[in-house]
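Participant: What shape does this take:
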Amino acid sequence: MNDRLALPVGTTLDRFIMRKQEDFPYATGELSQLLRDIALAAKIVNREINRAGLLDVTGAYGSQNVQGEEQQKLDVIANIRFIRALRNGGEVCAIISEEEEDIIQTGNTKGKYIVAMDPLDGSSNIDVNVSIGTIFSVYRRSSETGCDGTLEDCLQNGTRQIAAGYIIYGSSTMLVYTTGHGVNGFTYEPSLGEFFLSHPNIVTPRTGNVYSCNEGALNSFPEGIKNYVSYCKEQGYSARYIGSLVADFHRNLLKGGIYIYPSTAKSPNGKLRLMYECNSLAFIVEQAGGKATTGTQRIMEIEPTDLHQRCPLVIGSTEMVEKVEELVKADALVS
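Facilitator: Residues are numbered from 1 along each chain as shown. Predicted structure coming up:
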């Protein structure tokens with residue numbers, strides 16, 4: 001018999017998580033279960049996305065979220081699916097979501113964890129079949145168990161994350177996550193209903209030749225960022241901007257590159273959310289050997305003061321991010 005006809009399919013996410021439990025002797029399996037709950041919700045959302053054009057779940061929902069942004073139908077669906085999975089799992093005492101104004105209490109007062117999430121980032125792109133994603137962070141609660149999660153539990157800086165990840169729903173669906181021991185990626189096999197390890201120990205290149213930013217807003221960028229974009233053009237770098245954060249970040253993580261969403265005249269504090277987007281991706285990129293800053297400050301050291309706080313984001317290959325910091329600093333000295 002030809003052995004190639006029966007090649008092993010690889011390591012499932014469940015098996016990988018089980019093997020890695022020894023990295024968290026204090027967790028006694030709860031964190032592993034939480035990650036499984038997220039994977040389950042991701043499978044359900046993936047199914048909804050793949051059927052979106054057939055089930056009339058594309059387009060606007062008809063209301064705005066707390067950010068003042070038009071909610072898409074799939075935003076609402078994904079938010080419900082992830083909240084339900086985390087609530088039923090029992091390990092999470094509270095959830096904060098980009099789609100909800102206040103803390104979501106799960107009723108699991110003995111739960112040890114807080115989850116911050118953007119249930120469906122870039123969801124408006126689903127109408128045109130562009131990759132979108134889910135972003136999440138996990139924190140250990142700082143309050144005593146036996147009561148609801150508190151605002152202090154939720155407003156922890158990024159250095160206190162114990163896990164973070166994203167799911168990208170694209171030509172294939174992938175779950176990429178870190179628990180502070182490197183970054184691993186898993187690809188979904190729909191016929192088996194399992195995520196399989198496909199990208200072990202992801203290490204991002206120290207530099208690259210791709211820059212991702214919305215050049216349509218270039219005139220309102222800070223001078224240091226404008227100077228960096230000019231530098232990229234002088235170097236012959238390629239501009240690649242999908243407009244879906246997870247998709248842009250994922251490409252640059254694997255291939256090398258930089259993603260920039262600076263402050264602008266319209267959004268002086270930046271537009272991306274610290275708790276739901278920036279901290280999570282900063283933890284991942286640092287674990288993969290990259291860097292994430294505002295241009296002047298490490299993202300994960302920002303002390304949050306609001307659930308929906310925004311900040312500028314410069315993230316990607318270390319040498320490229322450091323060049324941005326150099327130009328921003330030089331502009332500050334001139335000013």
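Participant: Name the spans of the stretch 51-200 of the chain whose pLDDT lies under the cut-off.
Facilitator: 52-72 (pLDDT under 70).
Participant: For stretch 285-305, C-alpha coordinates in PDB please.
Facilitator: Provided in PDB are the C-alpha atoms of stretch 285-305 (Å, rounded to 0.1, in the frame of the first residue of the first chain):
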ATOM      1  CA  VAL A 285       3.800  40.300  17.300                       C
ATOM      2  CA  GLU A 286       6.200  40.600  20.200                       C
ATOM      3  CA  GLN A 287       6.000  36.900  20.800                       C
ATOM      4  CA  ALA A 288       6.900  36.400  17.100                       C
ATOM      5  CA  GLY A 289       9.900  38.700  17.300                       C
ATOM      6  CA  GLY A 290       8.300  41.900  16.100                       C
ATOM      7  CA  LYS A 291       7.400  45.200  17.700                       C
ATOM      8  CA  ALA A 292       4.300  47.400  18.400                       C
ATOM      9  CA  THR A 293       4.200  51.000  19.400                       C
ATOM     10  CA  THR A 294       2.200  54.200  19.100                       C
ATOM     11  CA  GLY A 295       5.300  55.700  17.400                       C
ATOM     12  CA  THR A 296       6.600  56.800  20.800                       C
ATOM     13  CA  GLN A 297       5.400  54.300  23.400                       C
ATOM     14  CA  ARG A 298       5.200  50.500  23.600                       C
ATOM     15  CA  ILE A 299       1.600  49.500  23.100                       C
ATOM     16  CA  MET A 300       1.500  47.000  25.900                       C
ATOM     17  CA  GLU A 301       2.700  49.500  28.500                       C
ATOM     18  CA  ILE A 302      -0.200  51.900  27.900                       C
ATOM     19  CA  GLU A 303      -2.300  52.100  31.100                       C
ATOM     20  CA  PRO A 304      -6.000  51.900  30.000                       C
ATOM     21  CA  THR A 305      -8.500  54.300  31.500                       C
END
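Participant: ranges for the helices of the stretch 51-200 of the chain?
Facilitator: 52-55, 73-89, 151-154 (DSSP state H, counting those that start in this stretch).
Participant: now the strands for the stretch 151-300 of the chain?
Facilitator: With strands called from DSSP state E, counting those that start in this stretch, the stretch 151-300 of the chain shows them at 161-169, 173-178, 183-189, 194-199, 210-212, 238-239, 258-261, 272-273, 291-293.
Participant: and the helices of the stretch 51-200 of the chain, which is most packed in?
Facilitator: Among the helices of the stretch 51-200 of the chain, helix 73-89 has the highest mean neighbour count (mean count of other CB atoms under 10 Å), at a mean of 21. The way it works is simple: take the backbone N, C-alpha and C, and place the C-beta from them, glycine included.
Participant: Give me the angle between it and strand 161-169.
Facilitator: Taking axes from the mean of the first three to the mean of the last three CA atoms, to 10 degrees, helix 73-89 and strand 161-169 form an angle of 140 degrees between their directions.
Participant: helices or strands next to helix 73-89 in the packing?
Facilitator: Using 3 or more CB pairs under 8 Å, 6 or more residues apart in numbering; DSSP states H and E, the elements in contact with helix 73-89 are helix 30-50, strand 60-64, strand 92-97, strand 113-121, strand 132-140.
Participant: got the buried residues for the longest one?
Facilitator: What that stands for is helix 30-50. Neighbour-count burial for helix 30-50 flags 30-32, 34-46, 48-49 (criterion: 16 or more other CB atoms under 10 Å).
Participant: that older thread, tabulate the helices of the stretch 51-200 of the chain (a markdown table), appending distance to residue 129.
Facilitator: Listed next are those as a markdown table, based on distance: least, CB to CB, whole Å:
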| stretch | distance to residue 129 |
| --- | --- |
| helix 52-55 | 8 |
| helix 73-89 | 13 |
| helix 151-154 | 34 |
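Participant: Let me see the contact set for the residue nearest the centre of the chain.
Facilitator: The residue lying closest to the centre of the chain (CA atoms, centre = their mean) is residue 135, at 3.3 Å. Taking CB atoms under 8 Å, 6 or more residues apart in numbering as the criterion, residue 135 is in contact with 117-118, 121, 165-166, 245-246, 276-277, 280-281.
Participant: same thing but 10 Å
Facilitator: Residue 135 sits next to 98, 116-121, 164-168, 245-246, 249, 273, 276-281, 284 when contact means CB atoms under 10 Å, 6 or more residues apart in numbering.
Participant: right, and residue 165 touches residue 38 too?
Facilitator: Yes. Shown here, residue 165 and residue 38 form a contact pair, counting by CB atoms under 10 Å, at 7.4 Å.
Participant: so what sits against both of the two?
Facilitator: Listed contacts common to residue 165 and residue 38 are 134, 136, 138, 175, 177; contacts here mean CB under 10 Å, 6+ apart.
Participant: Spatially nearest residue to the second one, not counting backbone neighbours?
Facilitator: Computed as CB to CB, 6 or more residues apart in numbering, the closest residue to residue 136 that is not its neighbour in sequence is residue 117, at 4.4 Å.
Participant: Settle this for me: the one you found is touching residue 94, isn't it.
Facilitator: No. Counting by CB under 10 Å, residue 117 stays clear of residue 94, with 11.7 Å between them.
Participant: so how far is residue 219 from residue 246?
Facilitator: For residue 246, the distance to residue 219 equals 27 Å [CB to CB, to the nearest Å].
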